[in-house]
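**Student:** quick one: sequence and predicted model below, then my questions.
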Amino acid sequence: MSKCSAWKIKGITLMATLFLSLVGFQKSAFAQPDGKALFKANCASCHHPVNAMVGPALKGAKQRWSDAGVAEEIYNWVKDPAATAKAVPYAKDLKAKYDAKGTPIMSAQMLNKEEVDAVLAYADNFTEEGPKAGAATAHDKAYFDQKFEEEGSSWTMWLIVLGVIFTAIALGMGGVRKQLTRAQLQHLNKPVDERSTYSKEARSWMWANKKLVSVIGIFLTFMLLSAGWYGLKDIGVYEGYRPTQPIWFSHEVHAGINKINCQYCHSTVEKSRTASLPTPMVCMNCHKNIKEGTITGKEEIAKIYKAVGFDPENNVYIENAKTEPIKWVKVHALPDHAYFNHSQHVVAGKLDCSQCHGKMEEMDVARIQPHTYLNTMQANVDANIKFGDRPTLTMGWCIDCHAQAKVQMDKNGYYDEMKKRLMLDKKLYQKHLDDENITVKDMGGWECSKCHY
Amino acid sequence: MSNNKIYWKGPEELTKDPNYMKTVANEFAEDLPMEEFLGDAQAMANSSTSRRDFLKFAGFSLAAATLAACESPVVKTIPYVNKPENVTPGVASWYATSYYDGQLFGSILVKSREGRPIHIKGNKQYGVAGGALHPRITASVLPLYDSARLQSATAKGKAISWTKLDEAVSKELGDVVNGGGKVYVLTNTITGPSSQDALTRFTKKLKGEKVEPVVQVLANDTTAAAPVVVPANNETEPAPAPVAGDDKVKWVQYDAISYNAIRDSHQKSFGPADKPEDTAYWIIPSYDFSKAKVIVGVNADFLGNWMLTNENSVGYLKNRKAENEWMSKHFQFETTLSLTGSNADVRVAIKPSEEGQVIAALYQHVTGKQTAKVSDAIMKNTKAAGEMLKAQMGKGETLVVAGANDVNVQILVNALNFELGNYNNTLNVNNPINMFMGKDAEVEKLFNELSDKDAILIYGCNPAYSLPKSLGVAAKIKGAKLSISFSGYADETASACTYVAPDHHYLEAWNDHNPKYDHYSIQQPLIRPLYKTAAWQESLLVWTGLAKRVKDSTVFVDLMKGLWKQYGYDMYGGNQKFGTFGEYWNFHLHNGGNTQQMPPLYTAPLAWTGNAGAAGAEIDKWKGSDWEAIYYQKIGMGDGQQANNPWLQELPDPISRVTWDNYVTMNPADMEAKGYNMLIAEKYPATKLKVTLGKETLELPVYPSPGQAKNTIGIALGYGRGANEENIGRSAFQTKEYGDYELDDKGKKVAIGKNAFAATSFNGGYITYATISGVSIADTGETYPLASTQTSHTLMERDSILRETTWSIYKNGKKDDYNEEHKVAYYDQGEKSVKDIDLWEKHPIEHVGHRWVMTIDLNSCIGCGNCIISCHSENNVPVVGKDEVRRSRDMHWLRIDRYYSSDTTMDAAVEKGEGVISTYSKMEIPAANPQVLFQPMLCHHCNHAPCETVCPVLATTHSKEGLNQMTYNRCIGTRYCANNCPYKVRRFNWFNYQDYKKFKNFNPASDDTARWVLNPDVTVRSRGVMEKCSFCVQRIQGGKLEAKKDGRKLIDGDVVTACQEACPTDAIKFGDWNDTTSIVRKESQTDRAYMALEEVGIEPNVYYQVKVRNTDDTKLVIKKKEHGHHEGHGEEGKKEEKHA
């Protein structure tokens, strides 16, 4: 696709977004719950209006409950599935049916009666939209590829090409000159120095221009040294690292357009040191039904099916199929001697994912975000965190943040106790009182064995 | 200081050999090992590598390394395809299971990370003995990953598929039965009902009896109704099984360390005398040391290895705590100084031939009745113990135990305990021990009768190794028509068998155990079998056509569940308490078993039917001789089952502190008389002896062991595994200085140590672990290097490291009497406490945030070494091997120092009017029978740490929580810190242990499979850095995080260090000192709390608590109040101080 048409699409997107937001505004003016929005926000990760996914299809759900004679219970079910499953036989059966698929019971949803009705009404009136219908789906792979290009400019390549061309020209010219000299000498019947070579000539030229050569020599030495110095400084720095992944997976499509919560896939981020990658089975929760991507078509999704041994034609898992794990390339690879714990930062530190990972919902493939970019994150701005000149994922970057980030002490019994003990040391506590700021560093966040053991 | 005792760590230190002292004066006993690669002049001259070449290589390597560093490695991250429900990547799960090896039983919790079992701790909530463990149990996770394990079934040493094996064995079993041969099954004691059931099915089927069908438990058992019974899998039967005669199938149980005499003696003491076939009293009662006010042990190492040793330790320590109302009095009569003897209040050295006399003498003291002739000396030595026992007569508050596997001695022991009223008090016959059911006579008979027509199946024991050599077990097995071993290794026995059908490692297998009458435990697998192994019970069923082998077979676990349903759930009304069987099963699986009140076995009181007099008459026949030998178990090696476990090989023996070897222990006085080398250090090898033990001859080095009875020697069992190069594991052979195995003249791998089992003998149907006649000793003229850890670490010669007192001083005296404060003269202000004088500014650790503190109760520490193994397992401590230990380069982050103390006292010498110098030299003469004190020594995390001030690169720094942090990546290895550490606890990482070939055969990190045991939360340190105890900082961080995430205050138990968790006697406590309610806060403020080397002013975060002995030790006098004369250290200072 040409650049021109890409811009056209961007334009269309913009207009469509404006139009939709206008519609959205109008709707909200009537103060009625928006079934579609509620569905997307609360239900879409497990339910589909017409297809059974992790949970049953929502179309006709109200009818089914009322057929079973428990029409009113559906509201309780949404609010507290566990309790309802015990009390209502229909709900119990429903739970058993979907439990068998190896998923836990639905978590409680904070929806009132009108909202539930709105969602179910949306599901009942749902019609399958064409793949090109929504404005949000108007990207294609080429568009995303092009965005890559924009970010990774290649001026060095051009320099090298130019250098090669100039060298070739210079050498060519030299050859011509040499031939001409030779011809002239022959013409004058003078002896031709057959041993004359480029290097000999260069040496005699250098001898003739000693001053210039030495200036250039000194300049080159310094350039090399400084290049070496900066090169050494870059060892182990992977800012901007964005490896090619085995599956062309777009965070924008999943987290941005489809608004899937980060933790739906990176599910252990609150429990463990690792955020963990989703197993292909988690992908299958949705992709059992979504068999074709708007951008990549069937090709990429087929890789999931291959990994888990799923037959998309017949919608069944192939019996005794050979499964094969997906070998993703690790983006944020810390060295073994540095211990990092996601749950520490997300739960105890109450950090937002974007403070370290940027707006993943706006980009496709994960990368190590440049620290300058992270400085523009609203969450970092709000928390008064401004990274200095240390590249992301270096130790300097970590402790930069530890020096600025305030410890989230409120409503945490652990920190209440810590605060109480701090107050025993008036001098120390006064220091904290002055700037009302107990940073991670103040609590020992710069100490070696907080991360190295 | 509070006492006048002199401590030393080995005779080397006492005799102060000048050369020896020179080598140990430095933290690092030798200079940089340049000579290793530059010293050999000839090799250097012959080398074809010139200096120029070397420089070229060096230059190239530098360039290559630089280039390699620039390249960023691509790291893959691979999620599960289908994640197991209970696995959260990065978070450990714990599963309850059980350890049982025929000698030890432990209820354990196993830590599993991403499906790999990596660490073992006790199941404190539901386990036997409160989940107390033993080093061999804690270390048992490592052999799981031994790549030398058999990886498939074998026939005549060649790998064979299980299908083929099953076919061949089924057929040959039939042939044996048809040919009129017998089928023997030889196992260790099988306590588990399910294994017993499988065995019964096997024997019944062979005998042609009716086999009851297995009770099937369906996967989703939702009913509580009667068991669903389905027919036995008769349809899988290959052919009509031949029928053996009733006497043709025999199951024999055999324990490598036999307690047969104790069972038999109870039968003879309480069973009906006229009906010997009535085996109702063929029991071993359980021993309750917690109720005993007087404990007498006779060659029974009940804290180290004897009986249910972990339960003994817990009970024993219950009334050794200083806070109690009373403290038990412990007498120990023994030959070789054992762990138990070193904890005793009174220890008397006896010869093995005197064991019977000691019991008879005690019996005589208590009852006044003479049973055997007792020498005057023994009468005198036993008088104190006898009188104390007599004072408790009839109260049932005493306990006498003896180790001798001799039925007459044990009958006398029973008689004594019976007279003292101990039965149903300290000896519980209503909750007997179900382990140790082996009958020695039957084993002897089996091997005497085993013919070329017979078949033998061997599980759980290694008779070719552990039975007396005179029995010729290996040859007999080879001569049998069919021989099958279930061993996981092609060990001594298995390599003599035609077929090996390897069983799973216990962490891969289902099983259940019934170690005590009231406890049934479940053993559940933690990991799918690593190799092609199969449950041995399943093999038995398959070979008799009772089951079919399939992939991921559940044959045995189905049988197990069926039995638990039939005899547990159904019989005890499980449906009322649990609803479904599934819930019942999961409940017990979660708890690791079930302890429940059982109906008493004996409703009538015990009646004495034995004959003490006859037993005494038998004891009279014992004839001692000039030299006697006893075979004992080391805590790390036991009966040698885990000889392939490098953690245990490197665990120093608690007494001798020697690693990786066995040796002859001898009293230093005897050694001096014979002129053997008593200085054992890197450059001082031990004298090698030729020891004749009856018909056996062993060549072993000799090690001076104060406390060893004169004219006796002790040799540890469990060594010399794989003497004929049998495959018994990767780490079970001697290695050379630069790697690879040591080979003998014939090119065979050399075993570690020598097998002392060979010298044991059958004596009246019982295996005797001593030789009392025909022992002779000769010097071979050769030497042999030993690797001992203790003498290589010296402490500053100060007397404030150890503090001990007696029970009466502790109870009646004031703190200053036994735990005096350190004071120094301060200008003209008189004396001030060292606490008030400080060169340094205070660290802001008090009150603010956390302050991590450890307290170690020297009174509770029995020196077992379980903490060391647990620390190894938790912190990826490298195993360095014998050669490195000899060079004082052992890497233990935590060690247990053993100190002997002297007989001579300054006061006694003053009374005798001896001079100062002669008194001191006398004090340095090793006592024949010294008292022992154990002191766990680890990084003290000093608040004014001397190591921190000398580090040039700030690699070791202090945290706000009081931790002395070690940052490996900053460390450049100057070793200044180690030189400046007063406790000598910093260890230098000399090698790339995980890569260098020297360590490949034993270091877990050096093997692709064994590496799985490493803790992913702790760095594997590289060459050239210092390392040391971190107070398990990974657990501290983890504990804090959990509290933060839960939003609650951190409390005791949130952070438990590996050593604390492993301590069976709760000697180690750890916690937040700034939490005023914490246990460590209280413990550190008791009167017994002191800091080692407090006067140096380094303010350690480890507190010790004064050891309290229940003795009238004249050496531990209440110190007279005296002041002044504190200037100077070492010898000069001491002399002045004591004469002030």
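**Tutor:** Perfect, thanks for sending it.
**Student:** what's B:Y993 sitting at in phi/psi?
**Tutor:** Backbone torsions for B:Y993, taken as degrees, to the nearest 10, come to phi -60, psi -30.
**Student:** quick one: pLDDT of it?
**Tutor:** As predicted, B:Y993 sits at a pLDDT of 89.
**Student:** need the contact list for the closest residue to B:R1048 other than its chain neighbours.
**Tutor:** Leaving aside its chain neighbours, B:R1048 sits nearest to A:G413 (4.2 Å; criterion: Cβ to Cβ, 6 or more residues apart in numbering or on different chains). C-betas here are computed from N, CA, C, even on glycine. Shown in contact with A:G413 (Cβ atoms under 8 Å, 6 or more residues apart in numbering or on different chains): B:A1043, B:D1046, B:G1047, B:R1048, B:K1049.
**Student:** then B:M437?
**Tutor:** Shown in contact with B:M437 (Cβ under 8 Å, 6+ apart): B:T189, B:I190, B:T191, B:Q253, B:D255, B:R263.
**Student:** in a helix, the first one, correct?
**Tutor:** What it means is B:T189. No: under DSSP: H, G, I helix; E, B strand; the rest coil, B:T189 sits outside any helix and is assigned coil.
**Student:** quick revisit: buried subset of the contacts of A:G413?
**Tutor:** B:A1043, B:K1049 (16 or more other Cβ atoms under 10 Å in any protein chain shown).
**Student:** which of the contacts of A:G413 fall within strands?
**Tutor:** Among the contacts of A:G413, DSSP state E puts none in strands.
**Student:** dump the contacts of A:G413 into JSON lines; add pLDDT as well.
**Tutor:** What follows is the contacts of A:G413, written out as JSON lines (pLDDT from 0 to 100):
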{"residue": "B:A1043", "pLDDT": "93"}
{"residue": "B:D1046", "pLDDT": "91"}
{"residue": "B:G1047", "pLDDT": "90"}
{"residue": "B:R1048", "pLDDT": "92"}
{"residue": "B:K1049", "pLDDT": "92"}
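**Student:** dump the contacts of A:G413 to JSON lines, plus distance to B:L303.
**Tutor:** Listed next are the contacts of A:G413 as JSON lines, based on distance: Cβ to Cβ, whole Å:
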{"residue": "B:A1043", "distance to B:L303": "36"}
{"residue": "B:D1046", "distance to B:L303": "39"}
{"residue": "B:G1047", "distance to B:L303": "44"}
{"residue": "B:R1048", "distance to B:L303": "39"}
{"residue": "B:K1049", "distance to B:L303": "38"}
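**Student:** can you pull out the helices in the stretch 251-400 of chain A?
**Tutor:** A:251, A:262-265, A:280-287, A:299-308, A:342-343, A:354-357, A:371-374, A:378-382, A:395-404 (DSSP state H, counting those that start in this stretch).
**Student:** B:Q364 is nearest to which of these?
**Tutor:** helix A:342-343 (68.6 Å; Cβ to Cβ).
**Student:** so where is the chain shaky, pLDDT-wise?
**Tutor:** With no chain named, the answer covers chain A. For chain A, the stretches with pLDDT under 70 are A:1-32, A:99-105, A:128-154, A:193-196, A:428-429, A:432-436.
**Student:** let me rephrase: I mean chain B.
**Tutor:** Judged by pLDDT under 70, the stretches of chain B that qualify are B:1-49, B:66-72, B:218-246, B:791-799, B:844-847, B:903-909, B:915-927, B:1113-1140.
**Student:** contact residues of the stretch 101-250 of chain A facing chain B?
**Tutor:** For the stretch 101-250 of chain A, the residues in contact with chain B (Cβ under 8 Å from any Cβ of the partner chain) are A:G231, A:I235, A:G236, A:Y238, A:Y241, A:P243.
**Student:** in helices, which of these fall?
**Tutor:** Among those, the ones falling in helices (DSSP state H) are A:G231.
**Student:** can you say which of the residues of the stretch 101-250 of chain A next to chain B are buried?
**Tutor:** A:Y238, A:Y241, A:P243.
**Student:** dihedrals phi and psi, B:L540?
**Tutor:** Note on B:L540: backbone dihedrals following degrees, to the nearest 10 are phi -60, psi -40.
**Student:** residues of stretch B:753-761 that come out buried?
**Tutor:** In stretch B:753-761, counting by 16+ other Cβ under 10 Å, buried: B:G753, B:K754, B:N755, B:A756, B:F757, B:A758, B:A759, B:T760, B:S761.
**Student:** same check on stretch A:293-309?
**Tutor:** For stretch A:293-309, the neighbour count (16+ other Cβ under 10 Å) marks A:293-296, A:300-305, A:307-309 as buried.
**Student:** any idea how far the closest residue to B:A547 other than its chain neighbours is from B:V214?
**Tutor:** Counting by Cβ to Cβ, 6+ apart, the nearest residue to B:A547 once its immediate chain neighbours are dropped is B:L541, at 4.0 Å. From B:L541 across to B:V214, the span is 9 Å (Cβ to Cβ, to the nearest Å).
**Student:** quick check: neighbours shared by those two?
**Tutor:** Joint contacts of B:L541 and B:V214 (Cβ under 8 Å, 6+ apart) are B:L559.
**Student:** wait, what's in contact with B:Q125?
**Tutor:** B:G131, B:N591.
**Student:** also B:Y517?
**Tutor:** B:N430, B:N431, B:P432, B:I433, B:N434, B:M598, B:L601 are the contacts of B:Y517 under Cβ under 8 Å, 6+ apart.
**Student:** three-state assignment of the residue nearest to it when sequence neighbours are not counted?
**Tutor:** In this structure, B:Y517 finds its nearest non-sequential neighbour in B:N431, 4.9 Å apart by Cβ to Cβ, 6+ apart. What three-state DSSP gives for B:N431 is strand.
**Student:** then B:T957?
**Tutor:** Secondary structure for B:T957, judged by three-state DSSP, is strand.
**Student:** correct me if wrong: it contacts A:W446.
**Tutor:** No: contact criterion Cβ atoms under 8 Å: B:T957 and A:W446 do not qualify, at 10.2 Å.
**Student:** shouldn't B:L399 be in contact with B:L427?
**Tutor:** Yes: counting by Cβ under 8 Å, B:L399 does reach B:L427; the two are 7.2 Å apart.
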